[in-house]
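Chemist: the following comprises the amino acid sequence and a computationally predicted model.
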Amino acid sequence: MIDKTVRALKPAALDDVERGRVGPEHDERIAAIMASDRRARRRFALPSAGVRVAAVAGLAASIAVGATVLENLGGTDENGRRRSVLPGFPTGAAADAAQVLDRAARVAEARPAGTPREDQWTYLEERSTSTSRNAGARAAGDPLVTSTVVTWQRVDGSRWAVKDGEGRIAFQDPRGITPRTDYDAVAALPADPARLLAAARAQSAKAPVAGAGGGPATLSYLNTILRDSVPRRRSRPPSSGR
Amino acid sequence: MSSGSTGDQEDEETWFTSIYRRHYPSVLGYALAHDRRDVAEDIANETFLTAWRKLGSVPADDPLPWLLGVARRHRLKLRAAGRRHDSIADRVVRLADERDATAWDTGSLVAERDVGLAAFAALPDRDAEILILTAWYGLGPARAAVVLGCSTATFFVRLHRARRRLACALDDHAVPGALAVVGESLEGQHR
């Protein structure tokens, strides 16, 4: 009788859910789950620990930015709830920032590229904290200064803008910016690690970083690409269903 | 399962896809019994992500209790992080529709539905959780123990106590005229 009473309390709506079919709308989610962990299992062999540390930091920043841009494209469902455009990406509040970035990283890895339009922009905000001294090591008691640089890059790489220290937006000719971080330029880079490193050394030598030799300039070149590269632009206009 | 070859990888993907398609509705339903829709979907998604990552641990013959156990842990992790949540009784009220009142009336139950619900709501959520594992999901003691992460013997003890508490709560909430009927019906039902 106790079990019968408890059973009778079960809402019919839950039975509806449990008897439901898993339709084709789940295919993308299933694929994303399987792809996310498969990629996480790969380990990249980088030339040195220094480069690897910088590359990971840059990658985390770019993933977080990419997830922010794409997450706003989902629209709302029939109940007015915000719909996530990324399979498995939660629309509710995450328990903490680590959960958000972890999920964004997993989903961004699995998400097929190609949703931004050519006329959309990637927003990048960089905050850095350093000693106020112009050169030399920081002495105890030296004040630290945090600066923020805000840049925008059009997905097709044709325009670049930066917010100056007084909040004004200044557009820049992207031809003067190196390295190029639009998709076409990044896609043209060699996939082989040794050839990529050689290409990075050759390119960075053309526009040397102030005070750098070959190693730090190459590190900076690769870090910039990882940090600032934008998602692939759409090859066709978006369909009306999205 | 090893993933060293393309063939093994395809086997894993086929197996995982099969698990997902067969059990996603049940996992989502379990999560909805405890949390609102968006949280429940998060829990269901996290559950299958865990299942993929630990595919070798998923029992081939009976994945559901394992999956519900994972969902339960994800659910409890969210609660430990401070997320507000409803009790199971709250969820019953929120999800109820007119079909539920009709089903109750035709179920030959000795108490009115609001009495049953009041008694159920009076239980600690851990008791309610144990009762619905058997009554709602039809899990036997061994399978329910997998969900809770305890031994079968421990589950039997917890189930017995939960049933006894509900019986007492039904007595407490029943209208005076029906007390004798409720008591007679429940006597000897405890197992």
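Modeler: Received, thanks.
Chemist: the lengthiest helix in chain B near chain A at all?
Modeler: If you go by DSSP state H, chain B has its longest helix at helix B:6-32. Yes: Helix B:6-32 comes into contact with chain A (C-beta under 8 Å from any C-beta of the partner chain), by way of B:E13, B:F16, B:T17, B:Y20, B:R21, B:Y24, B:P25, B:S26, B:L28, B:G29, B:L32. All C-beta atoms are positioned from the backbone trio N, CA, C, and that covers glycine.
Chemist: how about stretch B:68-80?
Modeler: Yes: interface with chain A: stretch B:68-80 contributes B:K77, B:L78 (C-beta under 8 Å from any C-beta).
Chemist: ok, residues contacting that stretch?
Modeler: A:95, B:26-27, B:30-31, B:34-35, B:39, B:42-44, B:46-47, B:50-51, B:85, B:137, B:146-149 (C-beta atoms under 8 Å, 6 or more residues apart in numbering or on different chains).
Chemist: next, A:A170: phi, psi?
Modeler: Dihedral angles of A:A170 (phi, psi; degrees, to the nearest 10) stand at phi -120, psi 130.
Chemist: can you read off the pLDDT for A:Q153?
Modeler: A:Q153 is assigned 74 on the pLDDT scale.
Chemist: B:G56: how many residues sit nearby?
Modeler: 9 (other C-beta atoms under 10 Å in any protein chain shown).
Chemist: tell me how far it lies from chain A.
Modeler: For B:G56, the distance to chain A (C-beta to the nearest C-beta, to the nearest Å) stands at 13 Å.
Chemist: which stretches of chain A have low pLDDT?
Modeler: A:37-118, A:126-140, A:164-166, A:172-178, A:183-184, A:206-216, A:230-242 (pLDDT under 70).
Chemist: what are the ranges of the strands in chain B?
Modeler: Using DSSP state E, chain B contains no strands.
Chemist: where in it is the helix or strand with the lowest mean pLDDT?
Modeler: Every helix and strand of chain B was ranked by mean pLDDT, DSSP states H and E. The lowest is helix B:179-186, at a mean of 41.
Chemist: about what we covered before: buried subset of the residues of helix B:6-32 next to chain A?
Modeler: Of the members of these, the ones counted as buried by neighbours, 16 or more other C-beta atoms under 10 Å in any protein chain shown, are B:E13, B:F16, B:T17, B:Y20, B:Y24, B:P25, B:S26, B:L28, B:G29, B:L32.
Chemist: which one is the first one nearest to, not counting chain neighbours?
Modeler: Just to be clear, that refers to B:E13. A:M34 (5.7 Å; C-beta to C-beta, 6 or more residues apart in numbering or on different chains).
Chemist: how does chain B divide up, domain by domain?
Modeler: B:1-85, B:88-191 (automatic domain parsing).
Chemist: ranked by average pLDDT, which of those domains falls at the bottom?
Modeler: Among the domains of chain B, domain B:88-191 scores lowest, at a mean of 81.
Chemist: report the distance from it to the chain centre.
Modeler: On the basis of C-alpha atoms, centre = their mean, to the nearest Å, domain B:88-191 is displaced by 12 Å from the centre of the chain it belongs to.
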